[in-house]
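Peer 1: My questions concern the predicted model and sequence given below.
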Amino acid sequence: MKNLLLTSIFGLFATLALATNNPASVIMNTNLVSVSTEETKIIFTSSNYDTQNENFEFTTDEDITNIQIYNASGEIEFNLPVNSNSVKINKNLFGLGEFKLGFRMKGHTDIYFSKVTIK
């Protein structure tokens with residue numbers, strides 16, 4: 001009985017420890033660019049960087065209404081309407097450095113952020 005109780009308590013603590021999400025999960029990383037989430041909920045079902053066409057490619061389960069591109073100072077540089085669950089963003093919209101992408105999803109009030117680094 002003691003062993004069962006101790007095993008149950010250990011299992012509960014292990015489950016709680018594993019349930020903690022790392023909000024900086026890397027989605028893609030190459031020697032040219034990197035993208036990581038700043039959220040505990042990862043909204044992408046797939047993500048890729050097409051080196052030939054220099055496009056970031058994101059796919060989600062739900063439609064993305066728009067994407068906001070923020071510069072390092074936190075100012076919005078672009079607001080791109082999408083209205084699709086798949087989007088391609090060309091690297092030429094960015095300069096060198098760090099940027100934020102704010103994804104607004106259809107039916108959600110939250111903005112889901114990702115950090116983009118152009119090397």
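Peer 2: Nice, thanks for sending it over.
Peer 1: lowest confidence element among the helices and strands of the protein?
Peer 2: Of all helical and strand segments in the chain, the minimum by mean pLDDT, DSSP states H and E falls on helix 2-19, at a mean of 35.
Peer 1: quick one: contacts for residue 100?
Peer 2: 38, 69, 70, 74, 113, 114, 115, 116 (C-beta atoms under 8 Å, 6 or more residues apart in numbering). Backbone N, C-alpha and C define where each C-beta goes, glycine included.
Peer 1: Could you list everything the spatially most central residue of the chain pairs with in the sheet?
Peer 2: Geometric centre of the chain, nearest residue: residue 37, 3.4 Å, by C-alpha atoms, centre = their mean. Counting by DSSP bridges, residue 37 forms beta bridges with residue 114.
Peer 1: Test my guess that it contacts residue 102.
Peer 2: No - with contact defined as C-beta atoms under 8 Å, residue 37 does not reach residue 102; the gap is 11.9 Å.
Peer 1: Which neighbours do those two have in common?
Peer 2: Common neighbours of residue 37 and residue 102 (C-beta under 8 Å, 6+ apart) are 112, 113.
Peer 1: so how far is residue 37 from residue 63?
Peer 2: According to C-beta to C-beta, to the nearest Å, residue 63 and residue 37 sit 19 Å apart.
Peer 1: With adjacent residues omitted, what lies nearest to residue 68?
Peer 2: Distances taken as C-beta to C-beta, 6 or more residues apart in numbering place residue 102 nearest to residue 68, at 3.9 Å, with adjacent residues excluded.
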